[in-house]
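*Asks:* pasting the structure only:
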């Protein structure tokens with residue numbers, strides 16, 4: 001599946017307006033504060049492995065479980081407001097569409113509703129220096145980021161709430 005021109009420009013838009021979207025994410029969290037605070041995040045599942053190791057197939061299989069919530073292709077590029085984005089997606093006639101093969105030429109068919117490693121974009125938002133070949137990729141105590149911790153916890157809680165699921169599932173080959 002090639003990156004479409006629309007996705008490219010949408011990604012640029014969200015990147016260049018990310019301060020606005022982080023502000024909207026805080027508003028979204030404020031509106032759903034009571035539900036977010038009640039939402040437990042218990043035993044999340046993190047899939048990690050080197051590229052081409054089968055992590056996508058494992059993600060696809062685990063995503064079939066009715067208790068697991070995972071990011072989808074449709075969560076990108078607006079990962080900032082998962083509740084509103086998913087609420088809107090669930091109420092539109094925009095279905096997953098016709099399955100198409102991923103750009104990896106690996107015969108894995110995907111739609112907008114297929115699971116995807118969107119969490120990597122969140123980490124890149126808060127830790128851009130960790131995606132440079134010039135620096136170490138390891139986060140230690142100096143990498144503590146309270147804004148990230150708050151955003152990340154609320155983000156997962158909102159995803160679980162809007163999808164009405166109990167456990168978080170994610171894939172990040174960089175983990």
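*Replies:* Cool, got the structure. Everything quoted here is computed from the prediction, not taken from an experiment.

*Asks:* now the longest helix seen in the chain: average pLDDT?
*Replies:* Of all segments of type helix in the chain, defined using DSSP state H, the longest is helix 146-163. Averaged over helix 146-163, pLDDT sits at 95.

*Asks:* now the next helix or strand after it, how far from the centre of its chain.
*Replies:* Using DSSP states H and E, the helix or strand that directly follows helix 146-163 along the chain is strand 167-171. Centre-to-centre, strand 167-171 and its host chain are 9 Å apart (Cα atoms, centre = their mean, to the nearest Å).

*Asks:* contacts for the helix or strand encompassing residue 89 next, please.
*Replies:* In this assignment (DSSP H and E), residue 89 forms part of helix 82-91. For helix 82-91, contacts defined as Cβ atoms under 8 Å, 6 or more residues apart in numbering pick out 28, 32, 74, 75, 78, 79, 155, 158, 159, 161, 162, 163. No exception for glycine: its C-beta is placed from N, CA and C like everyone else's.

*Asks:* farthest-apart pair in the residues you listed, please.
*Replies:* Using Cβ to Cβ, these span at most 19.7 Å, a distance reached by 32 and 74.

*Asks:* what's near enough to touch the closest residue to residue 66 other than its chain neighbours?
*Replies:* Nearest non-adjacent residue to residue 66, counting by Cβ to Cβ, 6 or more residues apart in numbering: residue 165, 7.6 Å away. For residue 165, the contacting residues are 66, 67, 68, 69, by Cβ under 8 Å, 6+ apart.

*Asks:* if you rank those by neighbours, which is first?
*Replies:* residue 69 (24 neighbours; other Cβ atoms under 10 Å).

*Asks:* how near is the residue lying farthest from the centre of the chain to residue 128?
*Replies:* Distance from the centre of the chain peaks at residue 134, with 25.8 Å (Cα atoms, centre = their mean). Taking Cβ to Cβ, to the nearest Å as the measure, residue 134 falls 12 Å from residue 128.

*Asks:* take the contacts of residue 165 and keep only those in strands.
*Replies:* Secondary structure defined by DSSP state E assigns 68, 69 of these to strands.

*Asks:* tell me the helix or strand right after the worst-scoring helix or strand of the chain on mean pLDDT.
*Replies:* In the chain, no helix or strand scores lower on mean pLDDT, DSSP states H and E than strand 109-110, which sits at a mean of 80. Per DSSP H and E, the first helix or strand lying C-terminal to strand 109-110 is helix 119-126.
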